[in-house]
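Chemist: I need the structure of the sequence given here:
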Amino acid sequence: MENLNEFVQLTTDFWATEVFGVTVGDIFIAFIILYAFVLLRQWVAKFILAWLSFLTSKSETTLDDEVVGALEGPIRLLPVTLGVFLSMQYLEVTGNLEIMMTNLVRSFIAVTIFWSAYNLTNYASTLLERRSRRMTTVMVDWLAKTIKVVFVLVGIATILEVWGIQVGPIIAGLGLFGVAVALGAQDLFKNLISGALVIAERRFNKGDWVLVEGVVEGVVEKIGFRSTVVRRFDKAPVYVPNSKLSDSAVTNFSAMTHRRIYWMIGVEYKTTVDQLKKIRDGIEEYVTKNEDFAPADEVASFVRVDKFNDSSIDLMLYCFTKTTNWGEWLEIKEKLAYAIKEIVENAGTGFAFPSQSLYLESLPEDTPELFNPPQKKDSKKGDKKSASKAQKTTKVTKAEKPKKETKAKAKAKAKPKKTAEQLAKEEDDKNQYKLEM
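Modeler: Numbering: from 1, shown residues only. Below is the predicted model:
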């Protein structure tokens with residue numbers, strides 16, 4: 001029994017042990033209070049968010065719902081802040097520990113406030129984008145990012161001031177460092193200024209199809225502070241520095257009002273004037289009456305016989321479609337090609353292709369004679385004619401053969417025959433020449 005009493009006494013003494021002027025028992029109870037609020041933060045946050053959602057559900061707009069969504073994170077931090085404050089009040093700490101706990105609570109409050117302001121920036125940017133006609137989506141996005149950076153910097157400075165750290169001397173001390181960084185980061189600041197100029201000039205927006213001369217062609221995905229992301233048509237992203245966009249010529253295809261078709265249609269030289277007129281009138285009628293093409297009073301539209309080319313008579317087709325969508329434009333071009341082919345074929349002519357004609361005034365002396373194989377004829381007259389021709393040729397060959405044979409015999413007689421020794425010597429000379437080679 002005495003041992004049990006001693007154990008109880010030791011336990012009581014342990015809970016009465018003071019740490020920084022606070023008993024262990026009080027610290028344990030304060031920890032339980034804080035832990036309870038940490039566990040209950042989900043329930044408390046759900047209750048507050050449900051109450052706010054109920055209030056916003058009565059309105060017709062969705063912007064207040066976005067505000068509730070932006071405050072969800074800071075609301076979950078509120079129970080933790082309240083738990084830290086109640087734990088500090090229960091401990092009744094004094095001196096440096098009291099100052100530290102107070103600064104901790106103030107820091108939590110500052111984080112909650114600036115976190116809420118940071119998230120509400122998205123709500124403000126959405127509202128500004130809807131209400132302002134002069135500011136584009138990219139400009140609003142840049143403004144929102146700038147405000148967020150300001151909130152973060154001011155929040156950090158506030159927390160430092162809470163803990164007694166003076167921000168002014170730190171900023172002054174960073175002056176020389178900032179100059180050094182500025183000298184080494186000229187390209188960064190150049191890109192920042194170039195990006196601001198690009199946005200101010202409204203050269204393009206997110207989602208536009210652009211062509212930067214000598215750099216990239218694709219769809220704009222993101223305009224950042226330093227670079228712009230352009231995704232090519234092969235789905236590869238290209239990060240273009242804003243200075244390149246500012247210094248280079250940029251073609252914005254998404255800003256087109258119409259899309260052009262410019263063709264040169266070549267027909268054969270045997271095409272008559274009436275056929276040319278029929279083809280031209282047929283194409284012009286198709287383009288004029290088709291609703292896919294823009295009328296002549298909006299854009300320039302021509303169908304004319306243009307020139308005499310090397311292998312064709314060319315007709316120029318110059319027109320614009322109402323749509324600027326690439327897929328729809330290709331479909332209209334395909335239908336136009338089918339119609340032009342039908343018009344040309346109905347006119348009784350055809351399309352020309354590159355060709356050349358060569359005319360020879362005379363053949364060289366060494367040109368071999370052409371061999372014409374004999375043709376079979378069923379009639380008896382044809383057989384008689386072929387037989388007479390064969391007799392004539394045999395007579396000619398018989399008359400010529402003796403002459404050729406006499407010439408060959410004369411040449412053979414003129415050349416003396418070589419002995420076996422001479423032939424062997426010539427063979428040895430040839431073999432020796434091959435070895436030397």
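
Chemist: And what about V240, helix, strand or coil?
Modeler: Under DSSP: H, G, I helix; E, B strand; the rest coil, V240 falls in the strand class.

Chemist: Tell me how far it lies from S246.
Modeler: Between V240 and S246 the distance is 10 Å, computed by Cβ to Cβ, to the nearest Å. Bear in mind the C-beta positions are built from the backbone N, C-alpha and C, glycine included.

Chemist: again, but for F253
Modeler: Separation of F253 from S246 (Cβ to Cβ) stands at 19 Å.

Chemist: For burial, what's the neighbour tally of the nearest residue to M316 once chain neighbours are set aside?
Modeler: Excluding the flanking residues, the one nearest M316 by Cβ to Cβ, 6 or more residues apart in numbering is D306, at 4.0 Å. Applying other Cβ atoms under 10 Å, we find 16 residues neighbouring D306.

Chemist: you'd agree D306 is up against I265?
Modeler: No: counting by Cβ atoms under 8 Å, D306 stays clear of I265, with 9.1 Å between them.

Chemist: who touches both of these two?
Modeler: The contact sets of D306 and I265 overlap at 314-316 (Cβ atoms under 8 Å, 6 or more residues apart in numbering).

Chemist: Closest one to F108 out of these, please.
Modeler: Comparing the shared contacts of D306 and I265 against F108 with Cβ to Cβ places M316 closest, at 75.5 Å.

Chemist: Could I get the full set of strands for the stretch 101-250 of the chain?
Modeler: 209-212, 216-223, 227-232, 237-241, 250-252 (DSSP state E, counting those that start in this stretch).

Chemist: With respect to I147, which of the ones you listed lies nearest?
Modeler: With Cβ to Cβ, the closest approach to I147 among the strands of the stretch 101-250 of the chain belongs to strand 216-223: 16.9 Å.

Chemist: Name every strand pairing with that closest one and say which way it goes.
Modeler: strand 209-212 (antiparallel), strand 227-232 (antiparallel) (DSSP bridges).

Chemist: Residues contacting the shortest one, please?
Modeler: So that's strand 209-212. Under the criterion Cβ under 8 Å, 6+ apart, residues 203-204, 217-220, 230, 240, 244-245, 248-254 lie in contact with strand 209-212.

Chemist: what about burial for the residues you listed, which qualify?
Modeler: In the contacts of strand 209-212, burial by neighbour count holds for 203-204, 218-220, 230, 240, 244-245, 250, counting by 16 or more other Cβ atoms under 10 Å.

Chemist: Most widely separated two among these?
Modeler: Between all members of the buried ones among the contacts of strand 209-212, the farthest pair (by Cβ to Cβ) comes out as V219 and K244, at 16.9 Å.

Chemist: The closest residue to G350 other than its chain neighbours and E342, how far apart?
Modeler: Sequence neighbours aside, E268 is the residue nearest to G350 in space, at 5.5 Å (criterion: Cβ to Cβ, 6+ apart). Counting by Cβ to Cβ, the gap from E268 to E342 is 17 Å.

Chemist: ok, now K58?
Modeler: For K58 relative to E342 (Cβ to Cβ), the value is 65 Å.

Chemist: neighbour count winner among E268 and E342?
Modeler: E268 (16 against 12).

Chemist: How about G224, nearest residue that isn't a chain neighbour?
Modeler: G195 (7.2 Å).

Chemist: and that neighbour, what is it in contact with?
Modeler: Taking Cβ under 8 Å, 6+ apart, we find G195 in contact with 142, 223-226, 228, 242, 245.

Chemist: could I get those as a markdown table with distance to I156 and pLDDT?
Modeler: Listed next are those as a markdown table, based on distance: Cβ to Cβ, whole Å; pLDDT from 0 to 100:
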| residue | distance to I156 | pLDDT |
| --- | --- | --- |
| W142 | 22 | 76 |
| I223 | 27 | 86 |
| G224 | 23 | 83 |
| F225 | 19 | 79 |
| R226 | 22 | 82 |
| T228 | 29 | 91 |
| N242 | 27 | 87 |
| L245 | 32 | 85 |
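
Chemist: Give me the buried entries from the residues you listed.
Modeler: Buried members of those, counted by 16+ other Cβ under 10 Å: 142, 223, 226, 228, 242, 245.

Chemist: In a markdown table: these, plus distance to A30.
Modeler: Output for these, formatted as a markdown table (distance: Cβ to Cβ, whole Å):
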| residue | distance to A30 |
| --- | --- |
| W142 | 47 |
| I223 | 51 |
| R226 | 48 |
| T228 | 53 |
| N242 | 54 |
| L245 | 58 |
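
Chemist: how long is stretch 162-169 end to end?
Modeler: Taking Cα to Cα, to the nearest Å, stretch 162-169 runs 16 Å from one end to the other.

Chemist: which residues does S116 contact?
Modeler: 70-71, 74.

Chemist: any idea how far F233 lies from N252?
Modeler: F233 is 16 Å from N252, by Cβ to Cβ.

Chemist: Find the residue at the geometric middle of the protein.
Modeler: Closest residue to the average C-alpha location of the chain: R232 at 1.6 Å, with Cα atoms, centre = their mean.

Chemist: Would you quantify the distance from that residue to E92?
Modeler: Taking Cβ to Cβ, one finds R232 at 67 Å from E92.
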